[in-house]
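S.K.: requesting a structural model of the entry that follows:
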Amino acid sequence: MKRILLCSVLTKPYYSGSGINMFSFAKTLRKLNNNVSILSFNWNVKNPIFETIEDLKIIRIPACTIKVVNVLLVILSLPYILIHTMRFEIIIIYGPFIPQFMLIAMFAKTLGIKVVFQSVNLSMDDVDSMLNKNLVISKINKKILKGISLYHAINKTFAEKYLCNFPEYSSKVFLSSQGVDTTRFKPADYQEKIRLRAKHNICAQKKVILSVGNLINRKGYGEIFEVLSILPIDYLYIIVGNYSNNKYFYWQSPKEMFGLYQKGKVMLGDKVWFMGAIENVEDVITIADVLLMNSEREGLPNCLLEAMASKLPCVFKSLEGVDDMLGVNGHNYISFKDNKGMLIGLTDMLSKPEQSREIAENAYQEIMENHSDLLVARRLLAKLDDDKLYCK
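M.R.: Alright, predicted model coming up:
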């Protein structure tokens, strides 16, 4: 049994992709009989300092969205961070690399604790971005990144950027998706699909297109609305994700979300359903006929892994570092580069059922062979036990 601490800027009750992924991975590590806790932040002191959610203990560090106050809190929380750091054998940090995480990584290194760092978004917390700060921060980040035990690259571009900057530490790179819980996200039979559609008053014959992600510009919803407005198929478009001002999404722009919401309503009318952020996304995946994603940049989207594990065919915008991680275009999914490609890919997936089923089946096999959560967790822990990591 290992004592493992997972760290993220946000986790439950906040709906954040990396935070939810971290929470899920914590449960997976616990399935392997490890002692697992979560460390996150108590933004503006609105949550309990200690809380247990789904039998996972969450420890929260005081933090504030006002920068001046947050600097003071960082200083005052140093003993608190040290006390909670020294109790663990392994610490896994999910980006972005904020000051508190930098301190945790340095403390852990001093104490001989193994540290894993996972970048979650290109251009935000990849190695190049972390080394392109001001001179002092860049030097500190460089030292920390050289000193970590393992760099978990969830796509190939993350790995390439680490190796380009630290070629002598190639043994520290763990190239793997973050994994998906295949006991939760799994294929459902036709009768379950019909039952759930009836529950939501959705016609059994209607084509349902699903997108999962908050209503922000980076997710490419504006272009999706334009393409769907000319899609020559009767459909319902469901968006699972926050679309309005909400205390659990304080870091997002209400103006940005409102603008996209208005555009969607004007262009698609009653063909779009803004469902909001929900816990049971697996039920909506069961209802859908295709997952559509048009993000400008990602790490490796949880929704793709979840849809593929559920045998829901995926159509998504080609993403740097992501495409090759999940199989082959046209075999495991359909990717596109522009609006025309989105329209063609979506039309093909919805109008050619045999092709759609074959792609979904291939995607499912890819997940089961390479991306199940338990498989990723076992590989990660085995990599951490490899003595070659510590030979330099």
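S.K.: drop to CA atoms for contacts and neighbour counts, all remaining ones
M.R.: Noted.
S.K.: tell me the SS of the nearest residue to Val74 once chain neighbours are set aside?
M.R.: Residue nearest to Val74 in three dimensions, not counting chain neighbours: Gln100, with 6.5 Å by CA to CA, 6 or more residues apart in numbering. Here Gln100 is recorded as helix under DSSP: H, G, I helix; E, B strand; the rest coil.
S.K.: same check, this time on Lys340
M.R.: helix.
S.K.: cool, and the one 4 residues further on?
M.R.: In three-state terms, and counting by three-state DSSP, Ile344 is helix.
S.K.: give me the pLDDT for it.
M.R.: Ile344 carries a pLDDT value of 97.
S.K.: just the one 4 residues further on next, same as before
M.R.: Asp348 is assigned 95 on the pLDDT scale.
S.K.: that one sits in which helix or strand?
M.R.: Using DSSP states H and E, the element containing Asp348 is helix 339-351.
S.K.: now that helix: buried residues?
M.R.: For helix 339-351, a neighbour-count test (16 or more other CA atoms under 10 Å) marks 339, 341-343, 345-346, 349-350 as buried.
S.K.: again, but for stretch 25-38
M.R.: Result for stretch 25-38 [16+ other CA under 10 Å]: buried residues 25-30, 35-38.
S.K.: for stretch 89-96, same thing?
M.R.: Result for stretch 89-96 [16+ other CA under 10 Å]: buried residues 89-96.
S.K.: export it to PDB, keeping only CA atoms.
M.R.: The C-alpha trace of stretch 89-96 is given here as PDB (Å, rounded to 0.1, in the frame of the first residue of the first chain):
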ATOM      1  CA  GLU A  89       5.300   8.700  -0.500                       C
ATOM      2  CA  ILE A  90       4.000   9.900  -3.900                       C
ATOM      3  CA  ILE A  91       2.600  13.300  -4.900                       C
ATOM      4  CA  ILE A  92       0.900  13.800  -8.300                       C
ATOM      5  CA  ILE A  93       0.500  17.400  -9.300                       C
ATOM      6  CA  TYR A  94      -2.000  18.400 -12.100                       C
ATOM      7  CA  GLY A  95      -1.200  21.700 -13.800                       C
ATOM      8  CA  PRO A  96      -1.200  24.700 -13.900                       C
END
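S.K.: please state the offset of that stretch from the chain centre?
M.R.: From the chain centre to the centre of stretch 89-96 is a distance of 15 Å (CA atoms, centre = their mean, to the nearest Å).
S.K.: stretch 255-271 too?
M.R.: On the basis of CA atoms, centre = their mean, stretch 255-271 sits 25 Å off its chain's mean C-alpha point.
S.K.: what's the mean pLDDT across it?
M.R.: Stretch 255-271 comes out with an average pLDDT of 94.
S.K.: how about that stretch: buried residues?
M.R.: Neighbour counts over stretch 255-271 (16+ other CA under 10 Å) mark 257-258, 260-261, 263-264, 267-268, 271 as buried.
S.K.: just the ones of the residues you listed in strands?
M.R.: Assignment to strands by DSSP state E places none of the buried residues of stretch 255-271 there.
S.K.: sitting in helices, which of the buried residues of stretch 25-38 do you find?
M.R.: Residues of these located in helices (DSSP state H): 25-30.
S.K.: got JSON lines for the residues you listed, with distance to Leu312 and pLDDT too?
M.R.: What follows is these, written out as JSON lines (distance: CA to CA, whole Å; pLDDT from 0 to 100):
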{"residue": "Phe25", "distance to Leu312": "22", "pLDDT": "95"}
{"residue": "Ala26", "distance to Leu312": "25", "pLDDT": "96"}
{"residue": "Lys27", "distance to Leu312": "24", "pLDDT": "96"}
{"residue": "Thr28", "distance to Leu312": "23", "pLDDT": "96"}
{"residue": "Leu29", "distance to Leu312": "26", "pLDDT": "97"}
{"residue": "Arg30", "distance to Leu312": "28", "pLDDT": "96"}
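S.K.: and those as CSV, adding distance to Ile113?
M.R.: Formatted as CSV, those follow (distance: CA to CA, whole Å):
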residue, distance to Ile113
Phe25, 20
Ala26, 18
Lys27, 21
Thr28, 21
Leu29, 17
Arg30, 19
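S.K.: nearest to Val74, of those residues?
M.R.: Ranked by distance to Val74 (CA to CA), these are led by Ala26 at 25.1 Å.
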